[in-house]
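Undergrad: Provided below for reference: sequence and predicted model.
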Amino acid sequence: MPGGRLTQQERRRIALGLADGLAYAEIARRLDRPASTVTREVMRNGGPTAYRADLAHRATERRARRRRQATPQRTQARPPVPGREREEAVREYEETFTGVLVATGLPAMMARVMAGLTLAEAGSLTAAELARHLQVSPASVSKAVAFLDSHGLIGRERGERRHERYTVDDEVWFRTITATARSTAQLVETARQGVGVLGAHSRAAARLEDIARVLDFVTESLNRTAMEAREILRTHAGTTSDVTT
């Protein structure tokens, strides 16, 4: 597996892979690179919809020059600061987590906000804190939290000085699964309506009925899995609380 920084040619191959709709893991496999390397590269340089190979390459060179200029040439290299190392590791992980959320279909800015909230040590952030953390405009944060809130992916709570704080609670993934199940159930209902419209002897109706059967099974499985996961989460939370007490 090759090491070192990505070359300009590799960045162009990443851009082509994104244009073809390939997942990060597949692009990484074709480059013989870790998937985390491709994820960080894309998220640092505009996300999957705005990534440009040449711009990304120039931005990386600028960052490297700034680091070289910030390091005194005639002094011995200082040992890394443990706190700074951890901060950089968390930042890299956040980029990786964001990339995975994007790969599931979440828009890039919404994924960044979701990752930032999930990894916030305090468990919640205000819009201003999110804007500073992500280094984006307040308008971008406002649009992202409105989207996430409308899909039940985040919560709101009143903080100090009447500032709203946004949270990701323990049941967000339960709500995500059940929302998916509801959408799938709606597709099942629509498919079966089509069977009635086309008639029992229609080949298209037969295809719709097959779709309905499969998705009906998926809906039932999603709902069952969501309830089981919720019980596991509650049991684990109760056990942790007892141990702490």
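TA: Cool, the structure landed.
Undergrad: CA atoms only: put stretch 195-203 into CSV for me.
TA: C-alpha atoms of stretch 195-203 as CSV (Å, rounded to 0.1, in the frame of the first residue of the first chain):
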residue,chain,number,x,y,z
VAL,A,195,-51.6,-3.4,-8.7
GLY,A,196,-55.2,-2.4,-8.4
VAL,A,197,-54.9,0.2,-11.2
LEU,A,198,-53.1,-2.1,-13.7
GLY,A,199,-55.2,-5.2,-13.0
ALA,A,200,-54.3,-8.6,-11.7
HIS,A,201,-53.3,-10.0,-15.1
SER,A,202,-50.9,-7.2,-15.9
ARG,A,203,-47.1,-8.1,-15.9
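Undergrad: next, Arg156: phi, psi?
TA: Dihedral pair for Arg156: phi -130, psi 140, per degrees, to the nearest 10.
Undergrad: how about the nearest residue to it, chain neighbours excluded?
TA: Among residues not flanking Arg156 along the chain, Glu164 sits closest, at 5.4 Å (Cβ to Cβ, 6 or more residues apart in numbering). C-beta here means a position set from N, CA and C on the backbone, and glycine is covered the same way.
Undergrad: where does the one you found land on pLDDT?
TA: With respect to pLDDT, Glu164 has a value of 88.
Undergrad: for it, grab phi and psi.
TA: phi -70, psi 140.
Undergrad: isn't it right next to Leu125, touching?
TA: No. Using Cβ atoms under 8 Å as the test, Glu164 is too far from Leu125 to be in contact (10.1 Å).
Undergrad: quick one: which of these two has more around it?
TA: A count of neighbours by other Cβ atoms under 10 Å puts Leu125 above the other of Glu164 and Leu125, at 23 against 12.
Undergrad: how near is the more buried one to Met109?
TA: As judged by Cβ to Cβ, to the nearest Å, Leu125 and Met109 stand 15 Å apart.
Undergrad: so for the biggest helix by length in the chain, what's the average pLDDT?
TA: Counting residues, the longest helix in the chain under DSSP state H turns out to be helix 203-244. The average of the pLDDT scores along helix 203-244 is 82.
Undergrad: middle-most residue in the chain, spatially?
TA: Nearest to the geometric centre of the chain sits Leu101, at 1.9 Å (Cα atoms, centre = their mean).
Undergrad: ok so that residue is a strand residue?
TA: No. Using DSSP: H, G, I helix; E, B strand; the rest coil, the secondary structure at Leu101 is helix, not a strand.
Undergrad: quick check: closest non-adjacent residue to it.
TA: Distance criterion Cβ to Cβ, 6+ apart; nearest residue to Leu101, sequence neighbours excluded, is Ala111 at 3.8 Å.
Undergrad: could you break this protein into its assigned domains?
TA: The chain breaks down into these domains under automatic domain parsing: 1-68, 104-167, 172-244.
Undergrad: need those in CSV (columns: distance to Arg91).
TA: Below are these laid out as CSV (distance: least, Cβ to Cβ, whole Å):
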stretch, distance to Arg91
domain 1-68, 9
domain 104-167, 10
domain 172-244, 22
